[in-house]
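**Student:** the sequence and its predicted three-dimensional model are supplied below.
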Amino acid sequence: MDIFDMFSLLGGVAVLLYGVKLMGQGLEKKAGGKLKTLLAAATSTKLKGFLLGIVITAIIQSSATTTVMVVGFVNSGILSLGQAIGIIMGANLGTSVTSWIMSLIGVESDNIWVQFLRPQSFTPLIALAAIIILLVFKKDSKKTDTATILFGLAFLMYGMQFITSAVSGLSEVQWFTDLMGMFSNPILGVLAGAVITAVIQSSAASVGILQALSLNGTLHYSSAIPIIMGQNIGTCVTAMISSLGANKNAKRAAFIHLSFNAIGTIVWLTIYSLINLIFKPAISDAVVTPLGIAICHSAFNVLTIITLAPFNKLLEKLACAVIREGTDKGEFALLDDRLITTPPIAIERSRTVTVSMAHEAVRSLDIAFDLLFDYNEKQAQKVRDLEEEVDTYEDSLGTYLVKISNQDTSESDSHEVSKLLHMLSDFERLSDHAVNIVESAEEIHDKELRFSEDAIREIKIMIAAVKEILEMSVSAFEENDLHKAVGVEPLEQVVDWLKVQIKSAHIERLRKQECTIEMGFVLSDLLTNLERISDHCSNIAVCMIEIAHDSFDMHEYINNLKSEKTNEYKKDYEFYKKKYAIK
């Protein structure tokens, strides 16, 4: 091998790695929201978790990435350690898909249809199709995702061809033939496969390189099988590195991935070596083909799963024994950076956390409302604690969502990130108003002020209206229900109307000397906070509607809604106006 062949080999490996990554990104974006649905399926049974591992790994073309995601899920509390085991097992099998695609590099036949299956024949057509799609449908994100997948496949196949060309002359080089023969020693073969895969951090690419090497006729099954087993161990490195700094269960998930592959390799390498020693099968000395490597890779993974699946509880106990309770600092990762490389999953996690943030903000308001009529110092502090907690949610989510937005996301995912970023400040402001209401409650308590019976009744009516708009807007967001979101604005207008009505009633009581100016200041602050709470609820609902219509002009939407006043809007407005009338 001369210097130019070496450059060609390194370039081929680079193109192959890029192709695997590009195809995975395209498939991931194409899958979009389906990944969220798949994730939800993992929480029911281990079998579904296993199937999920296969499907996700087949989509993103990397068992290492899937396992890193699992580590992130466990670290974030999305998955339990038991659920993670099934996904890890499935990921090992899912990664075999790439090896079957790359096995086409070895297709040889005089038949015209079989020749068409050769990468040299169809790869240029795939690249051409991708370019045409980009030129014709450049504004259609779904079509461009398809183009990305095709480009990834083309790069993958071109990379394989570069590697094949670079190593084609090695069959006549004695040192290379001797090296391939050394790997027939099972231990050396396993070490070689593990080290190469650990260095390039992609078992798919590692298998592809092995398939390209097999074309020069110097690689035998006796060498290839141990290398394939070692590749499964090498792919664990990425997840092990990812688990550094994670909680104990996340570390255990990474350890289970390593122990699963290591134990499977030890068991089946021992069986394979004994068969070789006793029976000396002819296949051991046979020259391996790319298709043979794909078959061996899949067979080894299936056999390992069959062997260890009944012992998943023991794997879990082993992980717990090795990584003890004391190794965990007890810090719960709110949002895990490991998930960012898979935007649909990271966005779904962000959405789940945002829902929790919204509920915490509403809880702070519920407590604050009660304090207006029954003040309690401990509960007042609870509202302030909740407000700080909501602030933490906002900071963490804002930072996390910005990181996601820097990824290459699909159009729908990008819209979801924008929606969440727009809503964070509104949810955070709800808890701020809870603290403001607590301050009003403290003033009433400390100064021993008292509202008139009519004022108390009116305030309770307005609070009831605000509670309903809170429930409606948060529910609309949580369920992604645009119909509920549309119903928020009429109630918001009624809250505005109530503020005016209650202020007018207060002025009337002042004239009759049934209330004081000092109480009027407290009432004015309280009404302002209640009215602003409903404004934030309106912002949340309108943001949902505007994002759904690919627009961000909230003021224009509200103005149009008020000016047009559809029959449904009028009906809802009159209903709420009657329901929350103060007279």
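**Tutor:** The structure has been received and is ready for your questions. Numbers count the residues shown, from 1 in each chain.

**Student:** read off the pLDDT value for Gly32.
**Tutor:** In this model, Gly32 is scored at 59, pLDDT.

**Student:** just the one 4 residues further on next, same as before
**Tutor:** Reading off the confidence values, Lys36 has pLDDT 56.

**Student:** in the stretch 401-550 of the chain, what spans have low per-residue confidence?
**Tutor:** Filtered on pLDDT under 70, the stretch 401-550 of the chain yields the residue ranges 549-550.

**Student:** swap the cut-off to 90 and go again
**Tutor:** Scanning the stretch 401-550 of the chain with the threshold set as pLDDT under 90 gives 405-416, 418-419, 422, 446-454, 480, 482-483, 486-487, 505-523, 542-550.

**Student:** show me where it has helices.
**Tutor:** Taking DSSP state H, counting those that start in this stretch as the criterion, the stretch 401-550 of the chain carries its helices at 411-446, 453-479, 482-486, 488-511, 517-548.

**Student:** make CSV out of those and add distance to Thr144.
**Tutor:** No exception for glycine: its C-beta is placed from N, CA and C like everyone else's. CSV is the format used below for the helices of the stretch 401-550 of the chain (distance: least, CB to CB, whole Å):
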stretch, distance to Thr144
helix 411-446, 9
helix 453-479, 29
helix 482-486, 27
helix 488-511, 35
helix 517-548, 21
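
**Student:** got these as JSON lines, with mean neighbour count and distance to Met240 columns?
**Tutor:** Formatted as JSON lines, the helices of the stretch 401-550 of the chain follow (neighbours: other CB atoms under 10 Å; distance: least, CB to CB, whole Å):
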{"stretch": "helix 411-446", "mean neighbour count": "20", "distance to Met240": "29"}
{"stretch": "helix 453-479", "mean neighbour count": "19", "distance to Met240": "36"}
{"stretch": "helix 482-486", "mean neighbour count": "17", "distance to Met240": "44"}
{"stretch": "helix 488-511", "mean neighbour count": "19", "distance to Met240": "48"}
{"stretch": "helix 517-548", "mean neighbour count": "20", "distance to Met240": "39"}
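
**Student:** wait, isn't Met89 in contact with Ala309?
**Tutor:** Yes - Met89 is within contact range of Ala309, at 6.5 Å (criterion: CB atoms under 8 Å).

**Student:** neighbour-wise, which of those two wins?
**Tutor:** Using other CB atoms under 10 Å, the more surrounded residue of Met89 and Ala309 is Met89, with 26 against 16.

**Student:** how much space separates that one from Ile271?
**Tutor:** 19 Å (CB to CB, to the nearest Å).

**Student:** kindly report the same for Leu303.
**Tutor:** For Leu303, the distance to Ile271 - CB to CB - is 9 Å.

**Student:** can you count the residues close to Trp100?
**Tutor:** Using other CB under 10 Å: Trp100 sits among 16 other residues.

**Student:** ok, now which ones touch it?
**Tutor:** Ala294, Ser298 (CB atoms under 8 Å, 6 or more residues apart in numbering).

**Student:** output the helix or strand harbouring it as PDB - backbone C-alpha positions only.
**Tutor:** Under the criterion of DSSP states H and E, Trp100 resides in helix 96-102. This file holds the C-alpha atoms of helix 96-102, laid out as PDB (Å, rounded to 0.1, in the frame of the first residue of the first chain):
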ATOM      1  CA  SER A  96     -27.300  -4.800  11.900                       C
ATOM      2  CA  VAL A  97     -29.500  -3.000   9.300                       C
ATOM      3  CA  THR A  98     -26.500  -0.900   8.100                       C
ATOM      4  CA  SER A  99     -24.300  -4.000   7.600                       C
ATOM      5  CA  TRP A 100     -27.000  -5.500   5.300                       C
ATOM      6  CA  ILE A 101     -27.100  -2.300   3.200                       C
ATOM      7  CA  MET A 102     -23.300  -2.200   2.900                       C
END
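
**Student:** any idea how far that helix is from the middle of the chain?
**Tutor:** 25 Å (CA atoms, centre = their mean, to the nearest Å).

**Student:** now do stretch 430-437
**Tutor:** On CA atoms, centre = their mean, the centre of stretch 430-437 falls 32 Å from that of its chain.

**Student:** repeat for stretch 494-513
**Tutor:** Distance of stretch 494-513 from the chain centroid (CA atoms, centre = their mean) equals 50 Å.

**Student:** C-alpha coordinates for that stretch, CSV please?
**Tutor:** This file holds the C-alpha atoms of stretch 494-513, laid out as CSV (Å, rounded to 0.1, in the frame of the first residue of the first chain):
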residue,chain,number,x,y,z
VAL,A,494,-64.6,38.7,30.4
VAL,A,495,-61.8,39.0,33.0
ASP,A,496,-61.0,42.4,31.6
TRP,A,497,-64.7,43.3,31.9
LEU,A,498,-64.8,42.1,35.5
LYS,A,499,-61.9,44.3,36.4
VAL,A,500,-63.8,47.4,35.2
GLN,A,501,-67.0,46.2,36.9
ILE,A,502,-65.4,45.6,40.2
LYS,A,503,-63.5,48.9,40.2
SER,A,504,-66.8,50.7,39.4
ALA,A,505,-68.5,48.9,42.3
HIS,A,506,-65.7,49.9,44.6
ILE,A,507,-66.1,53.6,43.7
GLU,A,508,-69.8,53.3,44.4
ARG,A,509,-69.0,51.9,47.9
LEU,A,510,-66.5,54.7,48.5
ARG,A,511,-69.3,57.2,47.7
LYS,A,512,-71.5,55.4,50.3
GLN,A,513,-68.6,55.2,52.7
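
**Student:** need the residues that contact it.
**Tutor:** Residues from elsewhere that reach stretch 494-513 (CB under 8 Å, 6+ apart): 452, 454-455, 458-459, 461-462, 465-466, 469, 515-517, 520, 523-524, 527-528, 530-531, 534, 573, 576-577, 580, 582-583.

**Student:** redo that, cut-off 6 Å
**Tutor:** Stretch 494-513 is contacted by residues 458, 462, 465, 515, 520, 523, 527, 531, 534, 576-577, 580, 582 when judged by CB atoms under 6 Å, 6 or more residues apart in numbering.

**Student:** and stretch 452-469, by the same measure?
**Tutor:** Residues outside stretch 452-469 that contact it (CB under 6 Å, 6+ apart) are 369, 491, 495, 498, 502, 514-515, 530, 533-534, 537, 580, 582.

**Student:** what's the closest of the residues you listed to Gln25?
**Tutor:** Cys537 (37.5 Å; CB to CB).

**Student:** how close does the nearest residue to the closest one once chain neighbours are set aside sit to His359?
**Tutor:** The shortest distance from Cys537 to any non-neighbouring residue, by CB to CB, 6 or more residues apart in numbering, is to Ser473 (3.9 Å). Taking CB to CB as the measure, Ser473 falls 12 Å from His359.

**Student:** likewise for Ser259?
**Tutor:** 39 Å.

**Student:** ok, the two, which is more surrounded?
**Tutor:** Ser259 (18 against 13).

**Student:** which stretch of helix or strand covers the more buried one?
**Tutor:** Under the assignment here (DSSP H and E), Ser259 is part of helix 248-279.

**Student:** tell me where the stretch 251-400 of the chain has helices.
**Tutor:** Using DSSP H, counting those that start in this stretch, the helices found in the stretch 251-400 of the chain span residues 290-308, 312-322, 343-371, 377-405.

**Student:** need the winner for burial among these.
**Tutor:** Compared across these, helix 343-371 shows the largest average neighbour count, a mean of 21 (mean count of other CB atoms under 10 Å).

**Student:** for the residue lying closest to Tyr272 once chain neighbours are set aside, phi and psi?
**Tutor:** Of all residues not flanking Tyr272 in the chain, Ile225 sits nearest, at 6.2 Å (CB to CB, 6+ apart). Phi and psi for Ile225, reported as degrees, to the nearest 10, are phi -60, psi -50.
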